[in-house]
Structures are given as structure tokens and as C-alpha cells.
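**Student:** Using only what follows, build the 3D model:
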Amino acid sequence: MPTLTVTGFPAIQAHEGERLVLALERGGTGILHRCGGVARCTTCRVQFTAGEPQAMTRAEQDRLTEKDLLGQARLSCQMLCQHDMTLSVLQTEASSGLEAGKTPAAQIEPEPVWV
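**Tutor:** From the prediction side, this is the model:
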């Protein structure tokens, strides 16, 4: 089981292949996600200090490029937990005053095209 070390939170044991946004939510981080996990927004963004996945979906790349965030943040809804990661959650429900949107599906959406 991959271990997620998240700044300001206890370590989270992720399930192998679990979407990062779901593991972070289950771990009690209060991560903000507004679009239902389909890379239409950037509220679920995270920043890595170790273990950043090398693969990126086309949807994530396009959204981060559009918002001028490519190279600065990643979208937790567009990656899977496959190894240990150390990261910070950049927006939470508490810090933003917003409520999360609908719970993302178990699988990455839209159908991932890896770049």
C-alpha cells in the first residue's frame, strides 16, 4: 500500500491504484474538488516534494497549461496512487470556504490519454 505523506496531516495509507483525490479525501484532508474529478477545474491541485508521478493525462496537461499552472501543480483527480508520495494539498474546503463537488468516480475521467 502506498503511503501518502501530506503536509499538516497524518500519513495516509492509499490503496494501490486508488485515485489520489479519493485517497486524500478519505484521509481527512478536506481537499477541495469542484468538478467531480474530470479535470474541468484546478481546485484539487497538489504540489509534490517527493514521489511525483511521471505520467500525466492529456486532460491534466491541457487544464494546467490553460491556467498557467503547468510545472507548478498537479491535479490529484488525474493520477493514481502507485507508490509513496510526499505532497501538499493546495486548496481545502476549510481554506477556501467552498464545499467540494460530487465525489469523483473510482476511475480516472475522462478516459485517460497519457502524455
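
**Student:** can you give me the strands for this protein?
**Tutor:** Assigned by DSSP state E, the strands in the chain fall at 3-6, 12-13, 45-50, 74-75, 85-89.

**Student:** do you know which of those strands lies nearest Val115?
**Tutor:** Nearest to Val115, of all these, is strand 74-75, at 13.1 Å by C-beta to C-beta. Every residue, glycine included, has its C-beta placed from N, CA and C.

**Student:** Which strands or helices does that closest one pack on?
**Tutor:** If contacts are counted by 3 or more C-beta pairs under 8 Å, 6 or more residues apart in numbering; DSSP states H and E, strand 74-75 sits against strand 45-50, helix 58-66.

**Student:** What score does the spatially most central residue of the chain have for pLDDT?
**Tutor:** For the chain, the residue sitting closest to the mean C-alpha position, by C-alpha atoms, centre = their mean, is Ser76 at 1.1 Å. Reported pLDDT at Ser76 in the predicted model: 98.

**Student:** Thr7 now?
**Tutor:** For Thr7, pLDDT reads 98.

**Student:** before we move on, what about Gln91?
**Tutor:** pLDDT, Gln91: 97.

**Student:** now do Ala55
**Tutor:** pLDDT, Ala55: 95.

**Student:** The residue nearest to the centre of the chain contacts Val21, correct?
**Tutor:** Yes - counting by C-beta atoms under 8 Å, Ser76 touches Val21, with 4.1 Å between them.
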